[in-house]
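Visitor: Sharing a model prediction with you, sequence too.
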Amino acid sequence: MSRYRILVINPRSLVTEIALYENQVPIIIEDLHHDSEKIREFSSIVSQYKFRTNEILLYLVDKGINLSKLAAVCGRGGLLKPIDGGTYIINAAMRNDLLGQTRGEHPSNLGALIAYEIAEHLEIPSYIVDPVVVDEMDNIAKISGYPKITRKSVFHALNHKATGRRAAMELGKKYEKVKLIIAHLGDGITIGAHSNGKVIDVNNGLNGEGPFSMERSGTLPHGDLVDLCYSGEFTYKEMKQQLLYHSGVMAYLDKPRSLQIEEELQNPDNPNYLIFEALAYQVAKEIGSASAVLFGKVDAIILTGELAFSNLFVKLIMERVSWIADIMVYPGENERQSLAEGVLRVLRKEEIPKEYGDREECEDNGKGI
């Protein structure tokens, strides 16, 4: 079997996560921390890409890594136009959209730019895998109930797809031949109905659908929400910040308690117990909704993400949904591993790489973030 070395890059606000894989085996896993003062010198997030590229190269050279042995470079996909799931070659159209921040500004936009910068000089290919803008929703799922608002697909596509393939393999089937419900349980929570390799419905975990999470509000009674928006208590920007970063568990308990969740669920008399029980309750309700999307024909329910490390939290969910299908638990996100595996499928010719801009959906049709 051929051996492929793949460099993986996952940028975050003040950290660039990197990893070097030989096939599925990690050789190096490192988080490169950047000084906050230095980062503030840049006028925008995308203007950091050459700086971060240089930091990565300096680290690899210092570790004695022979860059000429790399077969490919992979970056975390950013805020692009809606696309099908899969592994994409980083092309000029993708770079232009990321540099222009046409769909918004986010550290993940740096992934493809850095990967291309490194790969171009080495004359090797560069890729992204299953970015958050993957849109495979059925048309019926996009109807919101109000013509001026269309439901959008914004979810943890990378982890959803990776755990879906892993679960299918353990079931002795192909991902393209199974029906799964996958719940990513992290700072944001997204629960998707996977049907034969496509995520045909999923809650928008960024813009306020589905369960509340550690930081986000989830679905709210819209009449009360409209009243609050016009109450004068918050500006437009402050209201957005409240719903995205200061709601959910953080709002009820003043700060996220993901690390203490196991301890606080030990005792039902603990005043915080009800909040975590409600979180599990809402997750279970969303899983039940997804089962209806799949007509009740579900091969397995998958629980993944950081909150899946809590046995007690998982138990609260299982008690309500185990009648639907068997439950498989894969804690954590494993983003770097998932990126490497996406590229490896292409290098092994198990999957054909896609070209950004091929789909009609890549037109500016209002489905993006």
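Guide: Received the coordinates, thanks. Being a predicted model, the structure only gives us computed values, none of them experimental. Numbering: from 1, shown residues only.
Visitor: contacts and neighbour counts: CA atoms only from here.
Guide: Noted.
Visitor: what are the bridge partners for residue 129, then?
Guide: Here residue 129 sits in beta bridges with residue 87, going by DSSP bridges.
Visitor: count of residues packed around it?
Guide: 28 (other Cα atoms under 10 Å).
Visitor: Need the per-residue pLDDT for residue 368.
Guide: Listed pLDDT for residue 368 reads 33.
Visitor: same question, residue 360
Guide: 52.
Visitor: same question, residue 257
Guide: Value for residue 257, per-residue pLDDT: 64.
Visitor: how far away is residue 279 from residue 82?
Guide: Plainly put, residue 279 is 29 Å away from residue 82 if you go by Cα to Cα, to the nearest Å.
Visitor: what does residue 130 give?
Guide: 11 Å.
Visitor: neighbour-wise, which of these two wins?
Guide: residue 82 (29 against 26).
Visitor: Residue 300 touches residue 181, doesn't it?
Guide: Yes. Using Cα atoms under 8 Å, residue 300 is in contact with residue 181, at 6.6 Å.
Visitor: Comparing those two, which residue is more hemmed in?
Guide: Neighbours per residue (other Cα under 10 Å) separate residue 300 from residue 181, with residue 181 holding more: 30 against 21.
Visitor: neighbouring contacts of the helix or strand that one falls within?
Guide: Residue 181 belongs to strand 179-185 when assigned by DSSP states H and E. Residues outside strand 179-185 that contact it (Cα atoms under 8 Å, 6 or more residues apart in numbering): 156, 159-160, 164, 189-196, 213, 283, 287, 290-291, 294, 297-308.
Visitor: Among those, name the ones in strands.
Guide: 189-195, 300-305 (DSSP state E).
Visitor: confidence score at the most centrally placed residue in the chain?
Guide: In the chain, the centroid-proximal residue (Cα atoms, centre = their mean) is residue 156; its distance is 2.4 Å. Residue 156 is assigned 94 on the pLDDT scale.
Visitor: That one is in contact with residue 192, isn't it?
Guide: No. With contact defined as Cα under 8 Å, residue 156 and residue 192 do not form a contacting pair (9.5 Å).
Visitor: longest helix of this structure?
Guide: The helix that spans the most residues within the chain, counting by DSSP state H, is helix 273-293.
Visitor: Just the buried positions in it, please.
Guide: If you call a residue buried by 16 or more other Cα atoms under 10 Å, then helix 273-293 has these buried ones: 273, 276-277, 279-291, 293.
Visitor: Now do the strands in the stretch 1-150 of the chain.
Guide: Shown for the stretch 1-150 of the chain, the strands assigned by DSSP state E, counting those that start in this stretch span residues 5-11, 15-22, 25-33, 70-75, 87-89, 126-129.
Visitor: now those in a markdown table, with mean pLDDT and distance to residue 143?
Guide: As requested, the strands of the stretch 1-150 of the chain are exported to a markdown table (pLDDT from 0 to 100; distance: least, Cα to Cα, whole Å):
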| stretch | mean pLDDT | distance to residue 143 |
| --- | --- | --- |
| strand 5-11 | 97 | 33 |
| strand 15-22 | 97 | 37 |
| strand 25-33 | 97 | 41 |
| strand 70-75 | 98 | 33 |
| strand 87-89 | 98 | 28 |
| strand 126-129 | 98 | 27 |
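Visitor: Of all these, which one is nearest residue 236?
Guide: strand 5-11 (28.1 Å; Cα to Cα).
Visitor: what lines up beside the closest one in the sheet?
Guide: Counting by DSSP bridges, strand 5-11 is paired with strand 15-22 (antiparallel), strand 70-75 (parallel).
Visitor: right, so these: which one is the most enclosed?
Guide: Most buried of the strands paired with strand 5-11, by mean neighbour count (mean count of other Cα atoms under 10 Å): strand 70-75, with a mean of 26.
Visitor: if we can go back for a sec, from residue 89, how far out is the residue nearest to the centre of the chain?
Guide: Taking Cα to Cα, one finds residue 156 at 20 Å from residue 89.
Visitor: Can you show me the helices along the stretch 251-369 of the chain?
Guide: Taking DSSP state H, counting those that start in this stretch, the helices of the stretch 251-369 of the chain run over residues 261-265, 273-293, 311-321, 335-347.
Visitor: Nearest to residue 135, out of those?
Guide: Short answer: helix 273-293, nearest of the helices of the stretch 251-369 of the chain by Cα to Cα, at 16.4 Å.
Visitor: and that closest one, what does it pack onto?
Guide: strand 179-185, strand 189-195, helix 248-253, helix 261-265, helix 311-321 (3 or more Cα pairs under 8 Å, 6 or more residues apart in numbering; DSSP states H and E).
Visitor: 10 Å instead?
Guide: Applying 3 or more Cα pairs under 10 Å, 6 or more residues apart in numbering; DSSP states H and E, we find helix 273-293 packed against strand 179-185, strand 189-195, strand 198-202, helix 248-253, helix 261-265, strand 300-305, helix 311-321.
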